[in-house]
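[1] what's the 3D shape of this:
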Amino acid sequence: MKLVMALMTFSLFSLPAVASDAYGDPFEGWGFVKDDWQVVCDNTLTCRAAGYAEEGVGSGPVSILMVVEPKKALPKVYVDFIYSDDEFYQSSSDDSLNTGNESSHTELWLNDKSYGAINSRSDDDSRHMLDENQTKQLLRHARLNTKIEVRVGSDRWTISDKGMGAVLLKLDEVQGRVGTSIALVSKNHASKQTPKPAKPTPVIKKAFAYSDKDNKQLNALRLAYFQKNINTWVDINSEQLIGSEDVMGDCELINPKSDTSINFAKYAGDSSGWEFIPIDATHTLAVHSCWMGAYNAASGYWLIDNAKPRNPQLITTAGNDYSDGEIWAVHKDRGLGDCWNRLVWVWDGQTFAKSEDSSSGMCRGFAGGAWDLPTYVSEVIE
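    Numbering: from 1, shown residues only. Down below sits the predicted model:
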């Protein structure tokens, strides 16, 4: 069995589209990345492959996104691009866009051949969407050296083909398409897989939580009790939180006697305070600053059962907001703000269940990021 699996693995990865400098897991973070393309898959097995302009090339940011659902032959393909000059960036999805040529159409060009206007828009997205024939032609060119362009009049945006074949082959492999009639790039491959079905979307029943408008506060006796004991209920000396000489901890500011807290206090004030937020009549969140960087900061969130407060449950050390029964962790991947990641947890009456984990794609010049590329999705029922 091991020999068979080894041969299948070798066969898949011996295809010329796959290069040794590809990296990443499709189900984590930025996913599987090769050059200017990435593929990110979520827990339902829907995968999203995105390609971008080569960095430093072209008139402005541009990207193509393929949304590929399990067992469906053709993906939905979206295009977004930004007009730019020295003073502003303007997205192609902006209805007020003035290109200077009102009669111009947005067109797809492959190897200097036009494949028609990209006129259709999806029902749930304001960005351009390829039609079925354009999608088929793009996939047909995926394993070739291809010049992919979006043109509007005399303006052109070029999407790099570097990594496209490797990324789509990885997507075929993840969804079990290799060697099948619905493969994106590997229909004729000898190692035939069985297409995988979609996995069910987890359902979270959101429980009652005090709203911000309620402005609930702990009573004075309970607040004093929590403040007195929280540093013993939470192990503020643990290596996981404050780290060691060789390892950075997840919450370095939690111990006021740690070197990090002492050094931080010299420049930014005291970080030793705890905040306590009532969730409902029987549960409380304990919140403490964990770390701060050049353009990101985060706090730790611990869930306290008011009746048994001695063992608080750590939800995250990367959070930066709580509101109406939801904890959010939203961070830039770089200072320009053109790539972000987001995690959300929802109160279900017992704990905070993860409801979303996503990124906005690679850092390629789109303010706020180009796309929504989740690795985890759920259905939240109020």
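
[2] So residue 186 belongs to a strand, correct?
    No: applying DSSP: H, G, I helix; E, B strand; the rest coil, one finds residue 186 to be coil, outside a strand.

[3] Can you list the low-confidence ranges for this protein?
    Where the chain drops to pLDDT under 70, the residues are 1-20, 58-59, 84-104, 120-126, 268-272.

[4] which residues in the stretch 1-150 of the chain form helices?
    Counting by DSSP state H, counting those that start in this stretch, the stretch 1-150 of the chain has these helices, from start to end: 2-13, 132-140.

[5] Give me the residues contacting the shortest one.
    With CB atoms under 8 Å, 6 or more residues apart in numbering as the test, helix 132-140 has contacts from 64, 74-75, 77, 108, 110, 115-116, 118, 130, 148, 168, 184-185. (Each C-beta comes from the backbone N, C-alpha and C, glycine too.)

[6] contact partners of the longest helix seen in the chain?
    Scanning the chain for the longest helix, with DSSP state H as the assignment, gives helix 220-233. By CB under 8 Å, 6+ apart, the residues outside helix 220-233 that reach it are 217-218, 274, 276, 284, 286, 304, 306, 309-312.

[7] Same check on stretch 252-259?
    Stretch 252-259 is contacted from outside by 234, 236-237, 241-243, 260-262, 264-265, 270-272, 288-292, 300, using CB under 8 Å, 6+ apart.

[8] can you give me the end-to-end distance of that stretch?
    By CA to CA, to the nearest Å, the extent of stretch 252-259 from end to end equals 9 Å.

[9] now it, how far from the centre of its chain.
    Centroid separation between stretch 252-259 and its chain, computed with CA atoms, centre = their mean, to the nearest Å, is 30 Å.

[10] roughly how far apart are residue 311 and residue 70?
    Remark: distance between residue 311 and residue 70 (CB to CB, to the nearest Å) = 40 Å.

[11] Which one of those two is surrounded by more residues?
    A direct count of neighbours by other CB atoms under 10 Å for residue 311 and residue 70 places residue 70 higher, at 19 against 11.

[12] From residue 50, how far out is the more buried one?
    Distance check for residue 70 against residue 50: by CB to CB, it reads 18 Å.

[13] Repeat that for residue 361.
    Taking CB to CB, one finds residue 361 at 5 Å from residue 50.

[14] Name the residues contacting each of these two.
    Common contacts of residue 361 and residue 50 (CB under 8 Å, 6+ apart): 38, 63, 370-371, 373.

[15] Dump the residues you listed into TSV; add neighbour count as well.
    Formatted as TSV, the shared contacts of residue 361 and residue 50 follow (neighbours: other CB atoms under 10 Å):
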residue	neighbour count
38	27
63	26
370	28
371	22
373	26
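
[16] Surely residue 107 touches residue 116?
    Yes: proximity of residue 107 to residue 116 meets the contact threshold set by CB atoms under 8 Å, at 6.5 Å.

[17] Looking at those two, which is more packed in?
    residue 107 (18 against 14).

[18] Much appreciated, bye for now.
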